[in-house]
Each structure stands twice: as structure tokens, then as C-alpha cells.
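Participant: model this:
(chains A and B)
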Amino acid sequence: MSPQARKRSCLAPKNEPTLTTHMFESLTEKLGSALRNLRGVGKLTEENMADALKEVRTALLAADVHFKVARDFVERVQVACVGQEVLKSVTPGQQVVKIINDELVRLLGEGQTALSPARPLKILMVGLHGSGKTTSTAKLGKLLKKRGYKPFVVACDIYRPAAIDQLEILAKQEELGFYADRQSQDVTAIGAAALAAADAAGTDCMIFDTAGRLQIDADLIEEVKKLRARIQPDEVLLVADGALGQEAVNVAKAFHDALQLTGLILTKLDGDARGGAALSIKSITGVPIKFVGTGEKTGDFDTFYPDRLASRILGMGDVVSLVERAQENIDQKEAERMAEKMRKADFNLEDFLAQMQQIKKMGSMQSIVGMMPGMSGVQLPDDSEKQMARTEAIIYSMTLKERRKPDLLNGSRRQRIANGAGVKIVEVNQLLKQFQQMQKMMKMLKGGGAKKMMRQMEAMKGKGGFPGF
Amino acid sequence: MFGLFKKFKDGFAKTFSAIGEKTRGLFGGRTIDAASLGELEEALYTADFGVATTEEILREIKVAHQKDATLAGQQAAAIGAAVLQRVLAGSERVIKPAPQAPTVIVLLGVNGSGKTTTTAKLAWKLKQEGKTVVVAACDTFRAAAVEQLKTWAQRLDLEIVASHTGADSAAVAFDALQAAKSRGRDYLIVDTAGRLHNKSNLMEELAKIKRVLAKVDPAAPHESWLVVDGSLGSNSIEQAKAFHKTFGLTGLVITKLDGTSRGGAIVGIWRELKLPIYFVGLGEQKEDLQPYSVENYARAVFGLEK
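Facilitator: Now for the predicted structure:
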């Protein structure tokens, strides 16, 4: 496969949910069981919460939150919980999860997450090796260009072979201004010359990409300190890998002490790391998280939403975003009409098509699945979107009459449809067979045979289920 | 043997002093008490050892402490190192040449783990040992990754087979293996593009590289190593699992251990997958790739002298 063919829209699965996913699901469950005896107890106390808080701590540690940060966080949650009335409407587990979630969101979201309004805006990118500085430089450039700036990127990584070429290629691709001096070994001088060049080019935004360095490498830290002093950036952003372990704290602290960071960019969040390092960094340094990197393409870059990361750390999926998206995109009336049809088991291929389109409006299947609780690490089969498109094509190749009355579809009609959709007749047969099964299930549902239906569904799972679902 | 430990320890020196800072008082002559056990717990967790190993080490130290209330920090450290050595027993491995040259080594990993740098360092190391090596620039995706390896090849005078960014990585691997074979080289090291382990389409691309190599030599690749960033946390276990499943790993290289991280996640990987560790990366220079040794690692982590 050529690299250009590296698509990221349709991802993968096969993987059964990863270990982390199981961990995700179990936090709420574990809390639930640790707090089960609290039902009807009246108040949350230190004693009746002890087990649950232990679970919280373990979950945070498993999500790579720093040991001390996890301990402090649990103490805070305890303070927030103790004395609270146990609500009747929710389980104590849900109630505690809510308190934890709120506390996490508050902690993660504190501080100024917007970029400095200064013009020209000067941004210095720093971080460890391989955290994604060069890629993030290009991504940030692209984002700022979209916001109306004329960004100019500066290559200050004189150590890693071809780092300058990498930035130059990305800058060209995104049509950003670019400055480099391949002869110079003096980073401060490069920075100074870039300031002049950018000024001459009439730019209003500069992003300085620097070499990866260890926070304990005194010489290299000194180098970037000098660069900082010379260029006087408005933003100093630490680029950190979302999968960092316990060391995240020391790394961020040292960079912050040396360079007075103004923000954090969390990268590789399209992976399945829980991102606990972000909480550690935020808690210890107070530096706000400003952006997240979510993929290999330059467009895969987002502003930071504390609620999303909180859910990820706790493993609750991005329920809020999912609900929002569903509200934005699904026509309420249409949904009700569909539910009614399903109830009456009067569901034809036309309805099926309409439903597929509703789902498609919400975004890629993968992005929807990623927001579901306990599914954030799950990848859909590569071809699930393709499958959906094929199913669509097959239905589109039918006449309206056929869609409403699939029973009409005899052999020659099926062959015509297969020709029209550019698929083999087997695929048409398969779709119709699965559709029949679905109809049967609805009839069972109508007849109240829920148990029978569950069995049916289990059986279908083995056969690969409905295309695209 | 002592020389090797010294080299390892020097590379590990910063790591060493960082954990030492926290544990010096603890692991010194002072007697262990409840407070120092708490500190110990913290030190173990912050080394990314994970819950299971941390608890195992703590348990043994506590048992020893119950038997002997005058247990000193130094002794506790020795117990900790012993437990770690036991947990990691069997995890060190040295590279074995294939019966029929070239021995093909494929380096895999997530973005930014250090595959290209490791490719260069490994090639140089083998060359120092008198072996002939070809490197294959199969990261045809990341901008300038090919140039990065070419620059290394020029610097270290390595034979390289490369195409251009955007080329088919499996085709490059195929050409490289044919070239290495026909020129009678001892080793072929294949650098691949970084990819997150949860993207199956990109993982499939790796499977293709593997298939294509096997076409030239059914026994190839002889080694498939995951390059793991030592500063990452528990996610490296997920990475190892996913790569192992798609590609069938034969071992690991742990990079960036010259920082303050102690790379404890390798313990988790070893516990789960029993994948041996061949080398550790201790810096950016050509000579900064060192053989891994359980004993050296365990003792360095606990701040013990040889």
C-alpha cells in the first residue's frame, strides 16, 4: 500500500476491546460494587467510601497518573464526597463518578486555554525526542492559517538528521512561510535571523520548531533558554506524548522551570493511551493544556476539551459529545417515526437507508464508536465504512417499489440490482437475508419475545452481523 | 563483565541519580520504617513498574522487615533488585545470526519511539563487530524520514537501500533484501514508518512487508523488534500486544533510557508477553545503543553498585 493510501478514516478492529477498554468499563462497575452497600445509607462518609476511593486511586495509577497526583486527587474527591447525601435517583457509584468527573474537568480545564492575542504572535515549541514537535508545528501553523494568520515556521532543530527537511516539506504542503539556515550551528542566531526574515515577509505569526531534548541535558536546556531570551515568544508550548508515564511530571516541571511554559500540546491521542500524564502535568505545573494531536494528517489537531479528556482518563467514553452530536444531527421527528415503525415491525429497505444516512451525518462510524463508553480503544473493521457504502449502493439500485416490498426481488431483479450497484449477486442476497433476519427480530420484539431475540442476535453476531453495523 | 556494567551504569547514570535522589536516604544505612516504606512505594510506582510488580517488591521487603526490624535501606534495595531480577529472569537475549545470511531485522513501533535512530545505531554497532550491514529505509510515509536515514548512512558509511517518500514500503524492503542477499551481507536492518498500534490498516501494511520479505527468504524476517519509548507508561504494553499480534515480535529495544525514566513498563511487557529485550538506547550518538542485561538493569534501578 502506498503511503498516500494511509487512510485514517476507516480504522480497525479485529481487535477485541483492549485491556484498557476493559479497565475503562470496570472503573464505574468497580465503584458501583464498592459502593453498593451505600444504597439508602443517607450520607457518604470517610468509612463507607474507603474501598471506592482505593479503586479510584488504582484506576488513576493504571491510567499513568503520577503517584502523588493520584493521591492528592483522591484526597480532594474524598473531601468533596464526605457529607454528601446519597441521592435516590442515581446509584452511589454514579454519584461518586460524577463528583470525580467534575473535579477532573475542573482541574484539567483551569487556566487560559486560548492563545495569546499578541500580534505578531511568536510561539516556541519544546519537548522530548519523538513527542511530535515538528508535526505539531505544521499542524498549529495550518490551524492558525485557518484563523486568519499568515504563519511562518522556523526550523531550529539542527541536530536530528533531516529534521529541517521534514519541516520544510510540511510547510510547503500547507503553504506556510518557512525559514531555515542549514549552515548555522547557532540556534539563537537562527532565531534572530528568522525574526528579521519574518518581519520582511510581513508575517503576523511565527512558530519555532526546536530539537528534542531531555530535561536533564543542561547544555541543550541552556541552548533553548537562550533562544527564548532572544526571540521573546508570547507562547512557549510543551509538546508531550499522551502516553507518557510517571516521568511526565519531572519532564514538565524541568521544562517549566527553565522556560516558563504557557501551554501544553498533548499528542498521539488517536492512540488508546488513557492520557493520565496530562493530569499529572496540569496538576504539578498548572500549565494549561491548549491543543491535542489526534492523527497523522496536518488537519488532525484540536483545541482542548477538558471534559473529553476527563472521560478518557476515567474510561467513561465521551458520552457528552456523543449526546451532543446526536442532538445536532438526528432529526427528532424522524427518529420517532422510525421507532414507531420498528415497534410495528413495519420496517422496509427504504427506512433502513434513511437510518443509515442519519448515522452517517454524525461523523465517521469510527469517531462515533470512539465516543461510546468503554469503546474508546475499539477499532471498527477497516472496511466497515466501505461496507456501508456498498449496502447503500445496493439499495439505491432498487426501485422505490422494491425497497418498500423486498419480497418482489426475484432472481432477475437481483441480478439487475447487482449490475447496477457494481457488486456480485451474492452480496445482494446476503443483504436481503440479513434484512429478513432483522425483520424477524422486530417481529419477535413486537411479540414480546425479547429473550428469543437476544438468542437470535447472538447467532447473528457469529455471522458477522448486518453490513456496516 | 565489570566494564560492561560500568558502561551501562554510566549511560544510566542520570536515571540512576534520579531514583537515587528519592531512595538514597531510604536505601542507605538508615533503618526501614513505615514512612520509608511509603516512600519506597512511591519510588516503585513512579518507575512505571505497574501495580503487580510494585506490590510484589513491597511484599517481600515487608516480610523481611517483619523478620528483622533493623533491616537497613541497602538491604531493602538488594531485596528489591532481587525481586526485579526474578521477575525479569530470561528477558535478556543476544542477537543470533541466521544460519543463512543475511539476518533480517525489522524495527517496528509507534510514532516517535526512535526506530530510525535505532536502525542507524544498530547498524553501526554490528559494523563495529566486523559485520556487513545494509539498512532499508522503509519509512516512506513521514516527511523526510528517508533523508534522515540517508544522512545517518552517510555519516556512518552504511550501505542503504532507499526510494522516495511516498514509495511502496514493501517494495523497498523487497529490493533491500535482494540487494543484501546478492551482495552477501551479514545483516539487513529494516526501518519502518511509525504507526499507532490501534490502526489496523497501517498494521496491515506491516504484514505486507513481512510477506514480501518471506518471498525472498522464507525464513525472513528473522528478528522483528518493537522499539519502545522508555519514557512511556502502561500504554507500551498495549503497543507490544498489538504489534505482536499482527507481526509476531521476537523482541524489544527500549529507547530513551538516558533520561530520568526507569523504563519500568518493560517489566509489564515482559510479564504479559515474555518478549526478550535485546538493546537499550541511552542517547542520540551512534555508540549509545547498549546490550541489555537484567542484572545491570535491576541493580542500576535500585542504585546498587555491582
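
Participant: Determine the number of other residues adjacent to A:Thr262.
Facilitator: By the criterion of other Cβ atoms under 10 Å in any protein chain shown, A:Thr262 has 21 neighbours. (Each C-beta comes from the backbone N, C-alpha and C, glycine too.)

Participant: per-residue pLDDT, the residue nearest to it when sequence neighbours are not counted?
Facilitator: If you skip the residues right next to it in sequence, A:Thr262 has A:Glu235 as its closest partner in space, 4.8 Å away by Cβ to Cβ, 6 or more residues apart in numbering or on different chains. Looking at A:Glu235, its pLDDT stands at 97.

Participant: Surely A:Glu235 is in contact with A:Gly263?
Facilitator: Yes - at 6.0 Å, A:Glu235 counts as touching A:Gly263 under the criterion of Cβ atoms under 8 Å.

Participant: For the residue nearest to A:Thr262, list the residues it contacts.
Facilitator: Residues near A:Glu235 by Cβ atoms under 8 Å, 6 or more residues apart in numbering or on different chains: A:115-116, A:121-124, A:262-263.

Participant: Can you report how many residues lie near B:Thr151?
Facilitator: Applying other Cβ under 10 Å, I find that B:Thr151 has 18 neighbouring residues.

Participant: for A:Gly422, same thing?
Facilitator: 11.

Participant: wait, it sits on A:Ala389?
Facilitator: No - at 11.0 Å, A:Gly422 does not count as touching A:Ala389 under the criterion of Cβ under 8 Å.

Participant: Just the element for A:Gln94, please.
Facilitator: Applying DSSP states H and E as the criterion places A:Gln94 in helix A:92-109.

Participant: The closest residue to B:Gly283 other than its chain neighbours: how many residues sit nearby?
Facilitator: Leaving aside its chain neighbours, B:Gly283 sits nearest to B:Asp258 (4.7 Å; criterion: Cβ to Cβ, 6+ apart). For B:Asp258, the neighbour count with other Cβ under 10 Å is 22.

Participant: can you check A:Ala277 too?
Facilitator: By other Cβ under 10 Å, neighbour count at A:Ala277 equals 33.

Participant: list the contacts for it?
Facilitator: A:64-66, A:240-245, A:248, A:266, B:233.

Participant: at 10 Å what do you get?
Facilitator: For A:Ala277, the contact set (Cβ atoms under 10 Å, 6 or more residues apart in numbering or on different chains) comprises A:63-66, A:69, A:240-249, A:251-252, A:264, A:266, A:313, B:231-233, B:235.

Participant: Among the residues you listed, which are located in helices?
Facilitator: Among these, the members found in helices (DSSP state H) are A:69, A:248-249, A:251-252, A:313, B:235.

Participant: Now a PyMOL select for only the buried ones of these.
Facilitator: Buried subset of the ones in helices among the contacts of A:Ala277, written as a PyMOL selection, criterion 16 or more other Cβ atoms under 10 Å in any protein chain shown:
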select buried, (chain A and resi 69+248+249+251+252+313) or (chain B and resi 235)
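
Participant: any idea how far the residue nearest to A:Gly299 when sequence neighbours are not counted is from A:Thr113?
Facilitator: Here the nearest residue to A:Gly299 in space, its sequence neighbours aside, is A:Lys142; by Cβ to Cβ, 6+ apart that works out to 6.7 Å. To A:Thr113, A:Lys142 is 19 Å away according to Cβ to Cβ, to the nearest Å.

Participant: likewise A:Ala248?
Facilitator: According to Cβ to Cβ, A:Ala248 stands 19 Å off from A:Thr113.

Participant: residues near the nearest residue to B:Thr70 once chain neighbours are set aside, how many?
Facilitator: Distance criterion Cβ to Cβ, 6+ apart; nearest residue to B:Thr70, sequence neighbours excluded, is B:Thr31 at 5.6 Å. Here the number of neighbours of B:Thr31 (other Cβ under 10 Å) works out to 14.

Participant: Report the mean confidence score over stretch A:174-191.
Facilitator: On average, stretch A:174-191 scores 96.

Participant: shouldn't B:Gln285 be in contact with B:Lys125?
Facilitator: No - B:Gln285 is beyond contact range of B:Lys125, at 11.7 Å (criterion: Cβ atoms under 10 Å).

Participant: Looking only at neighbour counts, state which of those two leads.
Facilitator: A count of neighbours by other Cβ under 10 Å puts B:Lys125 above the other of B:Gln285 and B:Lys125, at 19 against 10.

Participant: mind listing what's buried in whatever helix or strand that one lives in?
Facilitator: Applying DSSP H and E as the criterion places B:Lys125 in helix B:115-128. The neighbour-count criterion (16+ other Cβ under 10 Å) identifies B:115-127 as the buried residues of helix B:115-128.

Participant: Fine, thanks again, bye for now.
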